[in-house]
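**Student:** quick one, fold the following:
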Amino acid sequence: MLKRHVDQVWARLDALYANGTTFISWGELYHWYGVERIHKTPWRDLKARWDELLEERQEPKGDPLVAEMRAGISLFFARKPQRLGDLAD
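**Tutor:** Residues are numbered from 1 along each chain as shown. Presented below is the predicted three-dimensional model:
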């Protein structure tokens, strides 16, 4: 992976940590990881980097939710997740 791509991956994970959400397009995943098919390698790398980020910030490990979209993936991370329906009740 090129250094600029590493920096872009870290920027997305920083955004996930700071904002609770981020988006990565399919094209970016293919381009960053230099793959023709997305198998385990990109997912394992993103997870390892996420765990490293949480460890640096002395946060307990947490696994972000991933929503597959037509154009890519949205990641969500919340320390105290709630459902909209529960808030509406």
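**Student:** by mean pLDDT, which helix or strand of this structure comes out lowest?
**Tutor:** Lowest mean confidence among the helices and strands of the chain (mean pLDDT, DSSP states H and E): helix 84-88, at a mean of 89.
**Student:** pull the distance from that helix to the chain's centre.
**Tutor:** 25 Å (Cα atoms, centre = their mean, to the nearest Å).
**Student:** packing partners of that helix?
**Tutor:** If you count contacts as 3 or more Cβ pairs under 8 Å, 6 or more residues apart in numbering; DSSP states H and E, helix 84-88 packs onto no helix or strand. C-beta coordinates here come from the backbone N, C-alpha and C atoms, glycine included.
**Student:** just the C-alpha atoms of that helix, please, in PDB.
**Tutor:** The C-alpha coordinates for helix 84-88 follow below in PDB (Å, rounded to 0.1, in the frame of the first residue of the first chain):
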ATOM      1  CA  LEU A  84     -34.300   5.200  16.900                       C
ATOM      2  CA  GLY A  85     -37.500   3.300  17.800                       C
ATOM      3  CA  ASP A  86     -36.400   3.200  21.500                       C
ATOM      4  CA  LEU A  87     -35.800   6.900  21.500                       C
ATOM      5  CA  ALA A  88     -39.200   7.500  19.900                       C
END
